[in-house]
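>>> The sequence and its predicted three-dimensional model are supplied below.
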Amino acid sequence: MSGINDYIDNEVKGNDVVLFMKGTPGFPQCGFSGQVVQILDYIGADYKGVNVLDSAELRQGIKDYSNWPTIPQLYVKGEFVGGCDIVREMFQAGELQTFLVEKGVGVKGAA
């Protein structure tokens, strides 16, 4: 495993919820990343944003790590959840909140 893989693995396993994204939660640099940030903020999930634009190695590394071609990527309790479309669909169906609560992640307004 390379250093970047170790770094990613550490972030994924060391944080309950981590979003690999373009930009930061306060200043997303792409619409898809921004949508996921809005959803996570709306449901009140505590998460860590990791800016893949900081490093080309990280940007490629996260795609290799998940075997998923696009960014953003959301991980919960070490498990890859998906990208923007999956997160949005889960949110609209009310499944995202339930999923997070089942994983022991606090959200606001959870049923």
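Yep, that arrived. Numbering: from 1, shown residues only.

>>> where along the chain do the strands fall?
Here the chain has its strands, by DSSP state E, at 17-21, 23-24, 27-28, 48-51, 73-76, 79-82.

>>> any chance of those in JSON lines, with distance to Y65 too?
C-betas here are computed from N, CA, C, even on glycine. Shown next, in JSON lines, are the strands of the chain (distance: least, C-beta to C-beta, whole Å):
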{"stretch": "strand 17-21", "distance to Y65": "9"}
{"stretch": "strand 23-24", "distance to Y65": "19"}
{"stretch": "strand 27-28", "distance to Y65": "21"}
{"stretch": "strand 48-51", "distance to Y65": "12"}
{"stretch": "strand 73-76", "distance to Y65": "8"}
{"stretch": "strand 79-82", "distance to Y65": "8"}
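
>>> Which one of those strands lies nearest to E102?
With C-beta to C-beta as the measure, strand 73-76 is the member of the strands of the chain nearest E102 (9.7 Å).

>>> Residues in a beta bridge with T24, which ones?
Counting by DSSP bridges, T24 is bridged to F27.

>>> neighbours of D46, just the number please.
12 (other C-beta atoms under 10 Å).

>>> hmm, back to that, possible to save the strands of the chain as JSON lines with mean pLDDT and distance to Q97?
Formatted as JSON lines, the strands of the chain follow (pLDDT from 0 to 100; distance: least, C-beta to C-beta, whole Å):
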{"stretch": "strand 17-21", "mean pLDDT": "98", "distance to Q97": "12"}
{"stretch": "strand 23-24", "mean pLDDT": "98", "distance to Q97": "23"}
{"stretch": "strand 27-28", "mean pLDDT": "98", "distance to Q97": "21"}
{"stretch": "strand 48-51", "mean pLDDT": "98", "distance to Q97": "19"}
{"stretch": "strand 73-76", "mean pLDDT": "98", "distance to Q97": "12"}
{"stretch": "strand 79-82", "mean pLDDT": "97", "distance to Q97": "13"}
